[in-house]
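In: Pasting the sequence and the predicted coordinates here, then a few questions.
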Amino acid sequence: MSEQRAGLAYGFAAYGMWGLFPLYWPLLEPAGAMEILAHRMVWSLVVVAVALLVVRRWAWLAELVRQPRRLALVALAAALISVNWGMYIWGVNSGHVVESALGYFINPLVTIALGVVVLHERLRPAQWAAVGIGVLAVAVLTVGYGRLPWIALTLAFSFGLYGLVKKKIALGGLESLGAEASVQFVPAFVFLMVLGARGDSTFASHGAGHASLIAVSGLITALPLVCFGMAANRLPLSTIGLAQYLTPVIQFLLGVLHFHEKMPAERWAGFLMVWAALVVLTADALRAARRGRAALAAAAAAATAAGVAGAAGVSGGAAGNGTVAGGTAAGQAVTSRVVKRDQAAEPNTAA
């Protein structure tokens, strides 16, 4: 139980910090979104490199370098998260905090849609209903905004695709961030050098406080990721999947209550539809997870019963062993199928 409490504390810390990002990025003005993004890339590598030195986890690097396909996927992941980071910084500092939060509300729906289109996954009826409600919500929000909510869609699709690529890379959180930051470092550093040569950099021209806040962006990037990793090791995926909504909820509340962004009736209608879709999706995922766990327990009980029955019926040794082995193998096969179904039912946690 103490492990679960610690996991919840780490999870709330991670999602809480991500949720409070809209308060941090405006502090870096007058730096523009591109300058902030470049500094975030550079300082993230510095922080991750120090962390990897402390924990002495470098073995993965030599293995990764010998795999060109995984390196290409790391580069693609770095490009996608760069788009996501840049759009989010620009959206927040341009007065679109609520729409940026919308992007992370609809991300689970986008992830499901990508699973169907890219991975040819089959959806349950409730999942189809959630996606349909989400599409209708985007249409309503398009009317409410007077334009397609492209900031939210860019954030949702870039992060959804990023999660898809990350699954294929199969690296830990710290290692993955280190690999991606390594790819980002060179273009980011060159951009900052050019910016400085043109006299447009704010890093060295607005005092030590401004420079310190920018440099802290690396720690701000890495810290919630570390907390998320600690939570993921201690909590079920279903709990992580529910906790992920804490981030856009905090962002939405900040946009409405702190930044006083307007919410006309059409936008409220669109957001309510998105939230309804998420309720349907989450309820379905929890039901599927419960059914999976119940079936897993039943399969384990059946395997045990078959083994006991086989052992009790041993007459010459070979026949009994065959019964035990057959019962155990059957139970293991059922268990394997149930585990796979249970995993497929868990909420996506690509974030």
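Out: Cool, got the structure.

In: hey, let's count contacts and neighbours off CA atoms from now on
Out: Will do.

In: Ignoring the adjacent residues along the chain, who's closest to Leu223?
Out: For Leu223, ignoring the flanking residues on the chain, the nearest one in space by C-alpha to C-alpha, 6 or more residues apart in numbering is Ala14 at 7.7 Å.

In: give the contact list for the one you found.
Out: Contacts for Ala14 were tallied using C-alpha atoms under 8 Å, 6 or more residues apart in numbering; they are Leu223, Pro224, Leu225, Val226, Cys227, Phe228.

In: Which strand or helix spans it?
Out: Secondary structure assignment for Ala14, by DSSP states H and E: helix 2-19.

In: likewise Tyr88?
Out: Here Tyr88 sits within helix 68-93, counting by DSSP H and E.

In: what secondary structure does Tyr104 sit in?
Out: Using DSSP: H, G, I helix; E, B strand; the rest coil, the secondary structure recorded for Tyr104 is helix.

In: Could I have the CA atoms of the helix or strand containing Val50 written out in CSV?
Out: Of the helices and strands defined by DSSP H and E, Val50 is found in helix 33-55. Provided in CSV are the C-alpha atoms of helix 33-55 (Å, rounded to 0.1, in the frame of the first residue of the first chain):
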residue,chain,number,x,y,z
ALA,A,33,8.5,30.7,-28.8
MET,A,34,11.4,29.6,-31.1
GLU,A,35,14.1,30.9,-28.8
ILE,A,36,12.4,29.3,-25.7
LEU,A,37,12.0,26.0,-27.6
ALA,A,38,15.7,26.0,-28.7
HIS,A,39,16.8,26.7,-25.1
ARG,A,40,14.5,23.9,-23.8
MET,A,41,16.2,21.5,-26.2
VAL,A,42,19.7,22.5,-25.2
TRP,A,43,19.2,22.6,-21.5
SER,A,44,17.2,19.4,-21.5
LEU,A,45,20.2,17.5,-22.8
VAL,A,46,22.4,19.1,-20.1
VAL,A,47,20.0,18.0,-17.3
VAL,A,48,19.5,14.5,-18.8
ALA,A,49,23.3,14.0,-19.3
VAL,A,50,24.0,14.9,-15.7
ALA,A,51,21.2,12.5,-14.5
LEU,A,52,22.5,9.6,-16.6
LEU,A,53,26.0,10.2,-15.3
VAL,A,54,24.7,10.1,-11.7
VAL,A,55,22.7,6.8,-12.3
